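K.L.:
predicted coordinates and the sequence they were generated for:
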Amino acid sequence: MKTKFGIVGCGFLGNIVADAWKNGLLPDYELVGVTSRTRASAEKTAATVGCAVCDDVDALLALEPEYIVETASVEAVRAMAIPVLKKGVNLVIISIGAFADLDFYADVKAAAVEGGAKVHLASGAIGGFDVLQTVTLMAEAQHLAETAGIETHTGAKGFRNTPVWADHLLTDTEKTTVFTGNAKQAIATFPRRVNVAVATSLATTGPDITGVTMHSVPGWVGDDHCITAEIEGVKATVDICSSTSAIAGWSVVALLRNLASPVCFY
């Protein structure tokens with residue numbers, strides 16, 4: 001029996017997952033349905049891969065998936081996570097920025113326990129959650145001080161419509177540091193760009209302690225995220241540079257394959 005799953009969000013990332021299923025890269029799964037912010041998007045994806053079109057998450061749940069993959073938005077996570085989990089359906093989340101609200105994060109964990117379901121956080125544009133959690137666990141168990149943080153380099157246009165934007169960023173000839181603070185402050189400053197900061201803080205020291213530094217780099221295409229977690233005797237560094245967001249969609253495919261595999265990498 002194949003594991004049934006559905007997709008919420010039929011944009012670029014959702015279609016990477018759907019196409020991977022159609023092309024045989026998820027042989028242990030059956031894609032039962034998709035839904036999206038607009039029905040037209042869902043219809044296009046469904047027609048391409050051959051699955052049901054659902055008007056909303058409730059219609060998708062009626063198809064009895066074991067997993068729902070979210071490739072939509074923070075708002076979609078906030079709207080659906082708790083009711084989905086309470087029904088005992090597992091979630092695969094890409095918009096980790098939803099958990100910038102720690103009260104909501106706590107409510108989601110409680111709903112997962114109530115429903116007997118799991119929330120799987122895809123690595124998205126970064127990764128290394130396993131080693132980051134290991135270093136943090138060592139710090140807690142051995143009562144060691146830990147420093148953790150993320151340093152991001154991105155092109156100037158990525159900071160448009162944010163509080164740090166300035167016209168000179170487009171004409172600067174050297175990189176400009178536009179933000180230095182903790183993850184909690186970064187979440188408040190960049191509410192639409194916090195997936196990586198939230199993920200890093202949840203895997204390590206928490207949003208009040210995890211450091212965040214962001215640089216605007218002339219001519220830079222994509223993002224470079226360098227994450228560091230350090231305690232006495234151990235320093236872990238994860239550096240991911242990508243000129244495309246496709247890696248986030250493929251991280252979902254890799255996660256699903258890992259969940260179905262008899263041998264799992266963590």
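P.N.:
Good, I have the coordinates. Residues are numbered from 1 along each chain as shown.

K.L.:
alpha carbons only for contacts and neighbour counts from here, please
P.N.:
Will do.

K.L.:
tell me where the stretch 101-250 of the chain has strands.
P.N.:
Shown for the stretch 101-250 of the chain, the strands assigned by DSSP state E, counting those that start in this stretch span residues 119-121, 147-155, 176-182, 211-217, 223-231, 234-242.

K.L.:
out of those strands, which comes closest to Gln133?
P.N.:
Gln133 lies closest to strand 223-231 among the strands of the stretch 101-250 of the chain, at 9.1 Å (C-alpha to C-alpha).

K.L.:
and that closest one, what other elements does it pack with?
P.N.:
helix 129-142, strand 147-155, strand 234-242 (3 or more C-alpha pairs under 8 Å, 6 or more residues apart in numbering; DSSP states H and E).

K.L.:
can you tell me the closest non-neighbouring residue to Val196?
P.N.:
Ile126 (6.8 Å; C-alpha to C-alpha, 6 or more residues apart in numbering).

K.L.:
same check on Thr136?
P.N.:
With C-alpha to C-alpha, 6+ apart, the residue lying closest to Thr136 is Thr204, at 5.5 Å.

K.L.:
and the one you found, what does it touch?
P.N.:
132-133, 135-136, 148, 210, 229 (C-alpha atoms under 8 Å, 6 or more residues apart in numbering).

K.L.:
now, of those, which are buried?
P.N.:
132-133, 135-136, 148, 210, 229 (16 or more other C-alpha atoms under 10 Å).

K.L.:
who are the contact partners of Glu75?
P.N.:
Applying C-alpha under 8 Å, 6+ apart, we find Glu75 in contact with Ala98.

K.L.:
10 Å - rerun?
P.N.:
95, 97-98 (C-alpha atoms under 10 Å, 6 or more residues apart in numbering).

K.L.:
again with Ala141
P.N.:
Counted by C-alpha under 10 Å, 6+ apart, Ala141 has contacts Val135.

K.L.:
check the one 5 residues further on too.
P.N.:
With contacts defined as C-alpha under 10 Å, 6+ apart, the neighbours of Glu146 are 135-136, 138-140, 204-205, 209-210, 229-232, 234-235.

K.L.:
pull the most distant pair out of these.
P.N.:
Taking every pair in the contacts of Glu146 and measuring C-alpha to C-alpha, the maximum separation is 18.4 Å, between Ile209 and Val234.

K.L.:
for Asn258, give its distance to Pro27.
P.N.:
12 Å (C-alpha to C-alpha, to the nearest Å).

K.L.:
quick one on the thing from earlier: reformat the strands of the stretch 101-250 of the chain as CSV; add mean pLDDT and distance to Val57.
P.N.:
Output for the strands of the stretch 101-250 of the chain, formatted as CSV (pLDDT from 0 to 100; distance: least, C-alpha to C-alpha, whole Å):
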stretch, mean pLDDT, distance to Val57
strand 119-121, 97, 16
strand 147-155, 95, 34
strand 176-182, 96, 35
strand 211-217, 96, 34
strand 223-231, 95, 32
strand 234-242, 95, 31
